[in-house]
Structures are given as structure tokens and as C-alpha cells.
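Visitor: coords below, sequence missing:
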């Protein structure tokens with residue numbers, strides 16, 4: 001790796017000028033914000049100057065002088081900038097080689113083996129049957145799928161998991177309302193009706209004491225399956241929900257390896273709780289079993305309620321062991337909304353007391369809320385923005401932009417769906433995970449600027465250029481005839497570093513930002529002059545560079561879960 005080569009050159013220079021104490025060396029390399037300031041920069045001279053009581057710029061000049069004595073083929077020049085920064089400019093030969101390497105690697109460009117041998121399970125999306133798949137689930141899905149793909153690109157074996165609440169009060173509230181529907185519930189039940197019934201049941205639970213008691217009773221019967229009518233409603237509703245979720249996953253490009261359900265984790269979690277009452281981890285309180293989090297600077301949570309039923313906490317605790325029994329993971333990443341951050345801290349503390357090894361392997365990644373300009377939503381009140389309705393709304397907006405395109409209805413449908421989902425995913429993934437997002441329709445579906453469609457269009461433009469090159473029989477060549485290197489080569493080269501960083505931090509936004517910057521550079525490169533030109537002796541290299549760009553763009557969008565199109 002070039003970073004290691006540059007670091008070694010600095011070490012050798014330090015030794016040569018008499019700075020031999022390696023304990024005080026702390027060599028860090030980073031990319032300057034502007035390409036004009038070099039490809040790599042180090043502040044080592046400023047770090048050491050204080051310790052050596054020397055002028056930082058003078059020390060930097062001594063280091064650079066020694067580096068230039070043993071000039072490396074990869075380095076074009078080394079300069080001192082400002083108060084003592086050492087800026088490295090890499091050679092045209094180096095970048096030509098990297099461009100060729102990208103094309104040779106193809107779909108593997110950007111991948112590494114840093115996590116080879118590691119097994120990682122990523123849990124995300126987690127929609128609950130008997131409630132609709134809303135835009136909050138979209139947020140979790142986009143982030144979770146991207147994180148899964150990025151970790152895979154870093155060499156790990158990844159399993160995707162979805163955990164769904166198929167028992168609990170939310171189910172009881174829905175069934176209570178369905179029981180009150182006039183006519184045969186089997187003919188009336190739809191996914192939309194489940195959503196409406198949940199909102200009705202939730203409202204009654206809060207405002208009507210009699211209804212609340214009836215719902216609590218239904219909840220108890222759900223666990224022991226003691227009521228035929230309730231069982232019938234439950235079985236139909238659960239099946240409807242899960243089939244509906246599968247349709248949404250197909251649109252979003254997600255396929256889960258494991259699906260876990262609270263009906264299975266609840267009984268197991270309850271047994272774990274009961275085994276740990278006598279040792280003081282849990283204690284009984286007013287008929288319930290609780291964990292006193294205050295002892296650890298947290299808060300008290302109920303793990304078994306007064307009806308003897310396991311709560312979410314008990315179910316999640318059971319899930320951690322069930323997941324490990326299913327897939328012996330080295331790391332378990334759980335992606336949820338940040339409204340349960342405090343809850344998860346308690347859960348991790350309990351895990352550390354009961355399953356310390358699993359707790360050390362579990363990492364919680366929380367995200368903010370996705371909102372439309374209209375404001376917040378609530379499935380409890382029925383004010384829900386579903387995933388499908390949002391995607392359809394975006395598709396309608398996109399379709400208006402391509403009405404004049406010469407394409408069949410089927411082609412138009414495929415393109416609008418890919419663009420709509422790409423717009424939505426990019427809007428989520430470009431943000432730092434944890435921040436709330438207000439979805440801006442105009443900006444998100446724009447084919448210019450900071451948007452998913454802009455990236456898809458940039459890729460399609462590159463593929464169009466390559467088709468033209470093939471038609472005109474101008475073949476790619478990796479030998480650059482003039483010595484000038486463009487910003488495009490320099491940006492493409494950095495992709496593997498971005499993938500590595502995104503994998504370490506579970507942060508897809510690094511890749512999203514990188515792709516936008518690189519696409520902008522490519523489009524400027526495109527605007528500077530014809531790429532396919534038989535009379536231009538540099539045209540073969542420009543075509544090779546365009547090929548490399550299309551590969552990096554496709555690979556990067558793939559990591560974000562965004563589909564590409566060769567024509568738009």
C-alpha cells in the first residue's frame with residue numbers, strides 16, 4: 001500500500017537526520033482537502049518540532065530533503081507547505097497503474113480482506129406484524145442493508161437478520177378492533193385494515209378502561225393460544241403481514257438470512273429471567289420481575305410483567321442467545337431508531353451480567369427519524385406514512401421528469417422504481433447515522449446535485465460513452481501520453497480507503513459523500529472535451545478512465561443498495 005511506502009520514507013528520513021527515537025514518532029497521513037495540495041500530507045514535523053525544540057518548517061525541509069535523495073517511482077514530488085506540512089504528490093505512472101488495477105478487478109475493486117474469517121450478524125428493519133411497514137422501517141432497512149454490504153466488502157461473512165414482534169399488546173389491540181368489524185373478518189382483513197384496526201385499538205386502550213381490560217385479556221390468550229377466534233384472526237393477520245413485508249423487501253433489494261419472532265424469543269427469555277432472580281440480577285416488584293438499573297447509573301426496566309408475560313426486554317435478551325446459537329457470530333450489530341438508546345443501554349448491561357461474552361460482541365447503531373415536510377407520524381393515531389405509499393409518491397414525481405423519453409411502459413416502470421428507491425436510500429445514507437432527516441422531494445429526485453438520481457445518471461452517462469467508443473472502435477488504453485494527472489484518477493484511487501473506513505465506523509455516509517464528489521469530478525471531466533475522439537491520441541486513455549469510473553460508481557452504489565441503469 002502506498003500509505004505504508006510513504007510512512008517508511010518518512011521513517012528513513014527521520015533516522016537519517018538523527019531522530020532515531022521511534023517512541024516519539026507518530027506518523028499520520030491524510031488526504032488534503034484540495035487535490036492541489038497533494039495526494040497525501042503529514043504533520044510529523046510539527047508534532048516532533050515541539051519535542052525536539054526545533055522550528056517545524058525547518059525540520060520539515062530536512063525531512064523532505066532526505067526523502068528526495070532516495071526518490072521513489074511512486075512519488076512525483078514532495079513539498080513543504082505552511083508551518084511545516086509535508087505534502088506528497090504521486091506520479092502519473094502510479095495513477096496509471098491504479099486505473100488499470102480498477103478495471104482488472106472489476107466488481108472486486110474496493111474490496112479488502114481486513115475482516116476475513118470474521119462472522120457478523122446484522123439485525124435491522126424489524127417491522128411488527130399487524131402494523132404497517134412505515135418510513136421508520138425504511139430508515140433502518142437502508143442503513144442496515146448498506147452496513148451489511150460494506151462489512152462484506154471488508155471480507156467478513158455476514159448474515160442478515162430481521163426480528164419481528166408477532167405477539168404483544170400491539171397485536172392484541174389490532175385483534176380487539178378486528179373482532180368488532182361487522183361481517184366476516186376473513187373477507188375484510190387486508191394489510192390496510194390491520195393498520196386501521198391497530199390505530200383504533202390503540203386509541204381505545206388509552207381512553208376506555210373496559211376496552212383496555214379486554215385487550216389485556218386478548219394478549220394473555222395470544223400467548224397460550226386458548227381462544228379459537230383469536231387464533232384464527234391472529235393466523236390470518238400474521239400471514240398477511242409477513243407476505244406484505246416480503247413484497248416491500250423485494251422492492252428495497254433486501255433478503256434476510258434469518259427471521260426471528262417474539263413468539264419464540266419470549267418463552268426462552270422468560271426462563272433466563274427466572275433463573276437469575278435468586279442471584280440478585282432481577283428482583284420481584286408488585287407482581288412483576290424488574291431489573292434495578294439505578295445500581296449501574298441506568299433506570300429500572302420490567303422484564304416480566306404482573307401477568308407473568310415476558311416484556312420486550314426479556315424477549316430481546318432471549319434473542320441475543322438464540323441468534324448466537326443459530327450463527328456463532330464474532331460480532332452482532334443491531335440497528336434501531338435512537339428513541340430506544342436508553343433502553344438498549346439497560347439491555348446491554350443485563351447481557352453483560354448474564355451473557356458477558358455476547359454483550360462484548362454486541363454493538364448498537366442507532367439512527368434518527370425520517371420525516372416528510374408534513375411532520376411527524378404515529379401508527380398509534382393512524383397518521384402513518386407507509387413505505388409503499390412514499391415510494392409510489394416518489395415514482396410519480398420521477399415519472400413526470402421522464403415523460404418525453406422514448407421507452408415502453410415496462411421500461412419506464414422499472415426505471416422509475418429504481419430511481420425512486422435510489423433517491424430515498426441516498427437521502428438516508430448521505431447523512432451521518434443518528435441524525436433526523438426531512439425528506440426533500442425536489443432535491444432528492446433531482447438529476448443534478450446531491451442526490452441518488454444524479455449518481456445513477458452519472459453512471460448511465462459513462463456507460464453511454466463506452467457504448468459510443470465501441471461503436472466507433474476506439475479501444476481503451478491505459479498508457480497516458482501526457483504527464484498531467486486529473487482529479488478523476490486521484491479520486492478513483494481513494495475508493496478502497498473509503499470502503500475500509502466505512503466498514504470500521506459502520507458509516508455508509510462516507511461512501512455516499514465520496515460518490516457524489518467523484519461523480520462531480522467525472523462530469524467536469526466529461527464537460528472539458530470529447531472523450532471518444534479518433535483524432536485525439538489521449539482518447540484511449542480517457543475511455544479507460546471512464547471505464548474505471550463506471551466500475552467504481554457501480555460498486556459504490558451496490559454497497560449502498562442502490563441499483564444502476566445503463567440507460568436513463
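Guide: Everything's here; your move. Computed from a prediction, not measured in an experiment: that's the story for all the values here. Numbers count the residues shown, from 1 in each chain.
Visitor: wasn't residue 537 part of a helix?
Guide: No - with the criterion set as DSSP: H, G, I helix; E, B strand; the rest coil, the secondary structure at residue 537 is coil rather than a helix.
Visitor: now it. Nearest residue, chain neighbours left out?
Guide: The spatial neighbour of residue 537 that comes closest, neighbours along the chain excluded (Cβ to Cβ, 6 or more residues apart in numbering), is residue 481 at 5.6 Å. Heads up, the C-betas are built off the backbone N, CA and C, glycines and all.
Visitor: who touches stretch 438-456?
Guide: Defining contact as Cβ atoms under 8 Å, 6 or more residues apart in numbering, one finds that stretch 438-456 is touched by 135, 370-373, 390, 393-394, 397-398, 401, 418-420, 422-427, 430, 457, 515-516, 519, 553, 557, 562-565, 568.
Visitor: would you map the helices across the stretch 401-550 of the chain?
Guide: Secondary structure of the stretch 401-550 of the chain by DSSP state H, counting those that start in this stretch: the helices cover 409-429, 441-444, 452-471, 487-493, 495-505, 509-527, 539-559.
Visitor: tell me the helices and strands packed up against the fourth one.
Guide: Put plainly, it is helix 487-493. helix 92-105, helix 509-527, helix 539-559 (3 or more Cβ pairs under 8 Å, 6 or more residues apart in numbering; DSSP states H and E).
Visitor: for these, which one ends up most surrounded?
Guide: Scoring the helices and strands packed on helix 487-493 by mean neighbour count under mean count of other Cβ atoms under 10 Å gives helix 539-559 as the most buried, with a mean of 24.
Visitor: any idea of the angle that one forms with helix 495-505?
Guide: In this structure, helix 539-559 runs at an angle of 10 degrees to helix 495-505, with axes from the mean of the first three to the mean of the last three Cα atoms, to 10 degrees as the basis.
Visitor: packing partners for helix 539-559?
Guide: In terms of contacts (3+ Cβ pairs under 8 Å, 6+ apart), helix 539-559 is packed against helix 92-105, helix 135-153, helix 452-471, helix 487-493, helix 495-505, helix 509-527.
Visitor: now do the helices in the stretch 101-250 of the chain.
Guide: With DSSP H, counting those that start in this stretch as the criterion, the stretch 101-250 of the chain has helices spanning 135-153, 169-179, 185-188, 191-207, 209-224, 228-252.
Visitor: counting by contacts, list what the helix or strand bottoming out on mean pLDDT in the chain packs against.
Guide: Least confident element among the helices and strands of the chain, by mean pLDDT, DSSP states H and E: strand 370-371 (a mean of 85). In terms of contact count using 3+ Cβ pairs under 8 Å, 6+ apart, strand 370-371 is assigned the packing partners helix 135-153, strand 437-438.
Visitor: which residues touch it?
Guide: Outside of strand 370-371, the residues that reach it under the criterion Cβ under 8 Å, 6+ apart are 135, 136, 138, 139, 377, 428, 436, 437, 438, 439.
Visitor: which of the helices of the stretch 101-250 of the chain has the lowest average pLDDT?
Guide: Between those, the lowest average pLDDT goes to helix 185-188, which shows a mean of 87.
Visitor: before we move on, the earlier item: neighbour-wise, give me the winner out of the contacts of strand 370-371.
Guide: Each of the contacts of strand 370-371 was scored for neighbours by other Cβ atoms under 10 Å, and residue 139 scores highest at 30 neighbours.
Visitor: now for that one: which residues touch it?
Guide: Residues counted as contacts of residue 139 (Cβ under 8 Å, 6+ apart) are 337, 367, 368, 369, 370, 428, 437.
Visitor: most neighbours, which of those?
Guide: Per-residue neighbour counts (other Cβ under 10 Å) across the contacts of residue 139 peak at residue 428, which has 27 neighbours.
Visitor: contacts for stretch 265-281?
Guide: Residues from elsewhere that reach stretch 265-281 (Cβ under 8 Å, 6+ apart): 163, 167, 223, 282-284, 289, 291, 303-304, 309-310, 313-319, 321-322, 350, 353-354.
Visitor: swap the cut-off to 7 Å and go again
Guide: Taking contacts as Cβ atoms under 7 Å, 6 or more residues apart in numbering, the residues outside stretch 265-281 that touch it are 167, 282-284, 289, 291, 303-304, 310, 314-315, 317-319, 322, 353-354.
Visitor: of those residues, select the buried ones using a PyMOL command.
Guide: Command for PyMOL, covering only those of the contacts of stretch 265-281 found buried under the criterion 16 or more other Cβ atoms under 10 Å:
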select buried, resi 167+282+289+291+303+304+310+314+315+317+318+319+322+354
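Visitor: helices - which of the contacts of stretch 265-281 land there?
Guide: Among the contacts of stretch 265-281, the ones falling in helices (DSSP state H) are 314, 315, 317, 318, 319, 322, 353, 354.
Visitor: ok, the fourth one - contacts?
Guide: The reference is to residue 318. 265, 266, 268, 269, 272.
Visitor: format the helices and strands packed on strand 370-371 as a markdown table; extra columns: distance to residue 246.
Guide: Putting these into a markdown table (distance: least, Cβ to Cβ, whole Å) gives the following:
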| stretch | distance to residue 246 |
| --- | --- |
| helix 135-153 | 13 |
| strand 437-438 | 26 |
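Visitor: most packed of these?
Guide: Mean neighbours per residue, mean count of other Cβ under 10 Å, is largest over the helices and strands packed on strand 370-371 for helix 135-153, with a mean of 26.
Visitor: nearest approach to residue 548 belongs to which of the helices of the stretch 101-250 of the chain?
Guide: Taking Cβ to Cβ as the criterion, residue 548 comes closest to helix 135-153 out of the helices of the stretch 101-250 of the chain, the separation being 17.5 Å.
Visitor: picking that back up, do you know how far the residue nearest to residue 537 is from residue 91?
Guide: Noted for residue 481: a distance of 15 Å to residue 91, by Cβ to Cβ, to the nearest Å.
Visitor: if we can go back for a sec, which single one of the ones in helices among the contacts of stretch 265-281 is nearest to residue 33?
Guide: Within these, the smallest distance to residue 33 is 43.8 Å, found for residue 319 (Cβ to Cβ).
Visitor: neighbours around the closest residue to the closest one other than its chain neighbours, how many?
Guide: Once flanking residues are discounted, residue 319 sits nearest to residue 265: 4.5 Å by Cβ to Cβ, 6+ apart. For residue 265, the tally of surrounding residues (other Cβ under 10 Å) stands at 25.
Visitor: which pLDDT value goes with residue 265?
Guide: What the model reports for residue 265 is a pLDDT of 97.
Visitor: what's around the nearest residue to residue 338 once chain neighbours are set aside, how many residues?
Guide: The spatial neighbour of residue 338 that comes closest, neighbours along the chain excluded (Cβ to Cβ, 6+ apart), is residue 366 at 3.9 Å. Neighbouring residues of residue 366 were enumerated by other Cβ under 10 Å; the total is 17.
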